[in-house]
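Asker: generate coordinates for the sequence data below:
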Amino acid sequence: MNTKTWIVATGLVVLLSGCSDEETHKYTEVTEFNFIQGNDKSVVVSFGENPQNHYSFAIRKKDIRTGTTLFSQSKNNTNFAVFAELNEQTFIRSSNHATYAQLTVVDVDKKNQVATFKIKAQLMDLNSKALKKIDETTVNVTGNKFTILL
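Answerer: Numbers count the residues shown, from 1 in each chain. Down below sits the predicted model:
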């Protein structure tokens, strides 16, 4: 196989795997951290390439149940948070810009220890004020990380 054919074939594999409904992130971490104000405990779920390039969401433990959907237009809902650290840039929701975030708890399977979330958002770069869209992404939390959620 010549180099040009190999590059095209590799690109197709990457493109097709990116079209999959189920996504696998190289980095997934769950931290018990009360990021959300109030008395209820919360967790932060981070996912992406690595600890330096990742997206995160914070959700109250009591909201981690199948069917929960949280939505925020320009940061009007403070019951959850979505943010990102990408290439040393910080992306957040903003009450003064056209940002939004949606987080859905698709399923919580206690028996198999799998929680499935869907997230999509448009966040603002803290420094440049540029907007960054996050297309709908599926995040699966399993095993030991699952036990931290509940």
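
Asker: alpha carbons only for contacts and neighbour counts from here, please
Answerer: Fine.

Asker: distance check, the residue nearest to Val114 when sequence neighbours are not counted against Val45.
Answerer: Counting by Cα to Cα, 6 or more residues apart in numbering, Val114 lies nearest to Thr142, which is 4.6 Å off, once chain neighbours are set aside. Noted for Thr142: a distance of 12 Å to Val45, by Cα to Cα, to the nearest Å.

Asker: and if you look at Thr68?
Answerer: Taking Cα to Cα, one finds Thr68 at 16 Å from Val45.

Asker: more crowded one of the two?
Answerer: Taking other Cα atoms under 10 Å, Thr68 and Val45 do not tie; Val45 has more neighbours (21 against 13).

Asker: and the more buried one, bridged to which residues?
Answerer: Val30, Phe57 (DSSP bridges).

Asker: could you measure from it over to Ile148?
Answerer: Distance check for Val45 against Ile148: by Cα to Cα, it reads 10 Å.

Asker: common neighbours of those two, please.
Answerer: Residues touching both Val45 and Ile148 by Cα atoms under 8 Å, 6 or more residues apart in numbering: 30-31.

Asker: ok, Tyr55 touching Phe47?
Answerer: Yes: using Cα atoms under 8 Å, Tyr55 is in contact with Phe47, at 5.5 Å.

Asker: sorry, back to before: let me see the contact set for the residue nearest to Val114.
Answerer: By Cα under 8 Å, 6+ apart, the contact set of Thr142 is 113-115.

Asker: please apply the same query to Lys118.
Answerer: Taking Cα under 8 Å, 6+ apart, one finds 103-106, 136-139 in contact with Lys118.

Asker: identify the bridge partners of it.
Answerer: Assigned bridge partners for Lys118, using DSSP bridges, are Thr104, Thr138.

Asker: what stretches of the chain score poorly on pLDDT?
Answerer: Scanning the chain for pLDDT under 70 picks out the ranges 1-24.

Asker: who does the closest residue to Leu86 other than its chain neighbours form a beta bridge with?
Answerer: Spatially, and ignoring its direct neighbours in sequence, Leu86 is nearest to Asn53 (4.4 Å; Cα to Cα, 6+ apart). For Asn53, the beta-bridge partners are Asn50 (DSSP bridges).
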